[in-house]
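*Asks:* From the sequence below, what's the structure:
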Amino acid sequence: MESLKNLQKEIYRCIHCKACRFAYSGEPDRQGIGEYQGRLYEGTLTGCPSGKEYGWEAYWNAGKVWIARAILEGNLRFSDEMADMLFKCPTCGNCEAQCENKISTVDVIEALRAAYIESGAPALAKHAGIRDSVNDPTMWNPYKEKQSDRTAWCDGKRKNLKNADVAFFVGCTASYRQKGIAKATQEILDKLGVNYTVITDEACCGSPLIRTGQVPIAKKVIEKNMKLFKPFKQVLFCCAGCYRTFRVDYPKVTGSKLPFEVKHTMEFASDLITEGKLKISKPFNMKVTWHDPCHLGRHVGKQIEKDILAGSNNWLSDQRKADQAKQEWYEKPRRVLKAIPNLQFVEMYRIKEDAWCCGSGGGVKSQYPELAIETAKERITEAQATGAQAIVTSCPFCYLNLSDGVKQMGSNMQVLELLEVLNKVI
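*Replies:* Prediction:
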C-alpha cells in the first residue's frame, strides 16, 4: 500500500471530469480523415481501450482513480472480483495525456495493482506464470526459455566485451520470439561502426512485473541488471518496453539517476540523421504510416514533460518548453521514415501523445488476449483509412499484436518493424 499512499495527493486531484476518456478532448474541431468502414476518425474520439470495450465506469481511468481513493479511505477492500477492473487495462497512458490536472494516472493504476497483490490477492494466472518464470535463475524471462539460449542468435564476437563503450540490451521478446529485430539491430550497429557488446547474463528488464503489480520480483531483476550494465557509458535498446522501464522506472525503484545514458536504437539513428552523420541512399518503395508505441512515445513524452516541470518556477513558460521537447521526441521516428528515399509517409488521425494503443501492454496480451486483439483491430482500421500499405512501429509487442490483429481481420495491411526497415536501407 505504500506506493499507493505516496500517490494520495495525485489521487485526490482527480475531479472526475472524465476528460481522460477521450483523444483530442481539447481539439474537438480538429480535422481528421473522416469516416471509414463505419468508423469516424475526426473530432473527439474515445481514447481508452478498456473503457471503449467494456463501458462500465470501473474500466475507465476515472473509475480506477476513485477505486484507489476508496481503498485509501478504507471504504473498499480488495477482492478477487475486482481483478478484471484493475487488470483489463493496457496502461497505455492516454488518460494521463488528456488529464488537465496532470495526474500520473499510469503510476496510480500500477500502484493500485501492486497494492492488490500486496493485500494477498492472487496474481492472475498468466501473470503468475510470468512472475515464476522471471524469478527462476535458469530462465530470467517470461517465456520459460533457458537463460543459456538468450543470446544464441548473436554473433559470438560481440558477447561480453570488456572494452565496449555501449551495451545493447536486447530484451526477452527480441531474444526469444522476434529474433529478427535483435539481428537487425546488431547489423545496424555494425554498419554504423558502434563499439558495442551484448551481455549474455542480461535478465528481463522487469516491465511485465511492474505493469502487473508484482514489484518485489521486478526489484530483483532491476538490481541484477544495474550491476551488469553499470560499467557502460551507454545502453541501447530495440524494445520500447525495456527502454521505457530503464528510463522511467529504474530511477524510481532505485531512488537514483542512472549511471549510464539510455537510448532506443530508433532515437540513436534519428539523432545521427539530424547531425548529418547518417544519410540513407537506398529506396523503400511503399506508402506507410507510423504507429507510436505507448512505451516509446507517450510514456517517455510524459516523462520528458515531468522532468522539465519538476523544478519549474514558472509553469506557463516551462510548459511551452515541455511541449516543444515532447514534439521533438515524437518527431524522431518520423524523421527516420522521411529520410528514406521513395518512402511515402502518411499519418493516422490519432498520433503522438493522442495515439490509440495497440492493445498489448499492461499484461493484457497474456491474460486478456481478446481485449488485446479488439484494440489492435481499431488501430489497424485507422491505419487502413489513410491508404497506407503498411504500419511501421518500433516495439516487439506492438509488432506482435498488430500482426495478430491483421491475421484475424484478413487484412492486406503489412506490419513492419522500423529497425528491420532501416537495416535494409543503410
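*Asks:* What count of nearby residues applies to G38?
*Replies:* Neighbour count of G38, defined by other CB atoms under 10 Å: 6. Every C-beta, even on glycine, is put in place using the N, C-alpha and C of the backbone.
*Asks:* K224 too?
*Replies:* Here the number of neighbours of K224 (other CB under 10 Å) works out to 17.
*Asks:* Look up how far C238 lies from it.
*Replies:* 20 Å (CB to CB, to the nearest Å).
*Asks:* Next, the residue nearest to W153 when sequence neighbours are not counted: phi, psi?
*Replies:* Distances taken as CB to CB, 6 or more residues apart in numbering place K179 nearest to W153, at 4.5 Å, with adjacent residues excluded. The phi and psi values for K179, taken as degrees, to the nearest 10, are phi -70, psi -20.
*Asks:* For K179, report the pLDDT, please.
*Replies:* As predicted, K179 sits at a pLDDT of 97.
*Asks:* Which secondary structure state does L236 sit in?
*Replies:* Each residue gets one of three states, and L236 gets strand by DSSP: H, G, I helix; E, B strand; the rest coil.
*Asks:* For it, name its beta-bridge partners.
*Replies:* L236 has these beta-bridge partners by DSSP bridges: F168, K263.
*Asks:* wait, what's in contact with it?
*Replies:* 166-169, 185, 189, 194, 196, 262-265, 268 (CB atoms under 8 Å, 6 or more residues apart in numbering).
*Asks:* wait, which of these is closest to Q8?
*Replies:* V262 (30.1 Å; CB to CB).
*Asks:* From F284, how far off is V221?
*Replies:* 37 Å.
*Asks:* now I71
*Replies:* I71 is 51 Å from F284, where distance means CB to CB.
*Asks:* ditto for P396
*Replies:* Noted for P396: a distance of 21 Å to F284, by CB to CB.
*Asks:* Of the two, which one has the most company?
*Replies:* Shown here are P396 and F284; by other CB under 10 Å, P396 has more neighbours (26 against 19).
*Asks:* residues of stretch 64-79 that come out buried?
*Replies:* Of the residues in stretch 64-79, those buried by neighbour count under the rule 16 or more other CB atoms under 10 Å are K64, V65, W66, I67, A68, R69, I71, L72, F78.
*Asks:* brain fart, stretch 257-276
*Replies:* For stretch 257-276, by 16+ other CB under 10 Å, it's F260, V262, K263, H264, T265, M266, E267, F268, A269, S270, L272, I273.
*Asks:* which one of these sits closest to D132?
*Replies:* In terms of CB to CB, no member of those lies closer to D132 than V262, at 28.2 Å.
*Asks:* Hmm, V235 and that closest one touching each other?
*Replies:* Yes - counting by CB atoms under 8 Å, V262 does reach V235; the two are 5.2 Å apart.
*Asks:* Please enumerate the shared neighbours of the two.
*Replies:* Shared contacts of V262 and V235 (CB under 8 Å, 6+ apart): F246.
*Asks:* From T386, how far off is the closest residue in space to G34 that isn't next to it in sequence?
*Replies:* Distance criterion CB to CB, 6+ apart; nearest residue to G34, sequence neighbours excluded, is E42 at 5.7 Å. Distance, E42 to T386, by CB to CB: 13 Å.
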